[in-house]
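K.L.:
Sequence below, structure please.
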Amino acid sequence: MNLIKSLVLGLSLSLASLAAFAAQINLNTASAAQLETLNGIGAAKAEAIVEYRKEHGAFKSVDELANVKGIGLKTVEKNREQMTVAAK
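P.N.:
The predicted model follows:
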């Protein structure tokens, strides 16, 4: 019985992880905390993204993220699949 519970729990956690991985971060609506989940984006860079968005308006493309001070093309490329600028 414990084995079955362990298997069900493991499967549940795996599915939850997969759902989280599949979800994309919208650069135009994400909070600083959500942006911090991206690879190479800490608190300071996340705040810089939010400030850039306030000053310049919505991102038109994911590539525009490289215009934010402290964020380069390498960071954009590492996270490209996890980001979107889609209107919701």
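
K.L.:
Output the below-cut-off pLDDT ranges for the chain.
P.N.:
Filtered on pLDDT under 70, the chain yields the residue ranges 1, 5-22, 88.

K.L.:
go again using 50 as the cut-off
P.N.:
17-20 (pLDDT under 50).

K.L.:
Just the helices from it, written as ranges.
P.N.:
Listed in chain order, the helices of the chain (DSSP state H) span 2-22, 32-35, 43-56, 73-79.

K.L.:
Send me the second one as CSV with only the CA atoms.
P.N.:
The C-alpha trace of helix 32-35 is given here as CSV (Å, rounded to 0.1, in the frame of the first residue of the first chain):
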residue,chain,number,x,y,z
ALA,A,32,9.1,40.5,-10.7
ALA,A,33,8.7,37.2,-8.8
GLN,A,34,7.5,35.4,-11.9
LEU,A,35,10.4,36.8,-13.9
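
K.L.:
what sits up against it?
P.N.:
Contacts to helix 32-35, defined as C-beta atoms under 8 Å, 6 or more residues apart in numbering, come from residues Ile25, Leu27, Ile41, Ala43, Lys45, Ala46, Glu47, Ile49, Val50. For the C-beta atoms, the positions are set from N, CA and C on the backbone; glycine is no exception.

K.L.:
mind running it again at 10 Å?
P.N.:
23, 25-27, 41-51, 53, 65, 79, 83 (C-beta atoms under 10 Å, 6 or more residues apart in numbering).

K.L.:
How far away from the center of its chain is it?
P.N.:
Put simply, helix 32-35 sits 7 Å off its chain's centre (C-alpha atoms, centre = their mean, to the nearest Å).

K.L.:
Which positions within it qualify as buried?
P.N.:
For helix 32-35, the neighbour count (16 or more other C-beta atoms under 10 Å) marks Ala32, Leu35 as buried.

K.L.:
what number of residues lie near the closest residue in space to Asn28 that isn't next to it in sequence?
P.N.:
Spatial nearest neighbour of Asn28, chain neighbours left out: Ala58 (4.5 Å); criterion: C-beta to C-beta, 6 or more residues apart in numbering. Close neighbours of Ala58, defined as other C-beta atoms under 10 Å, add up to 12.
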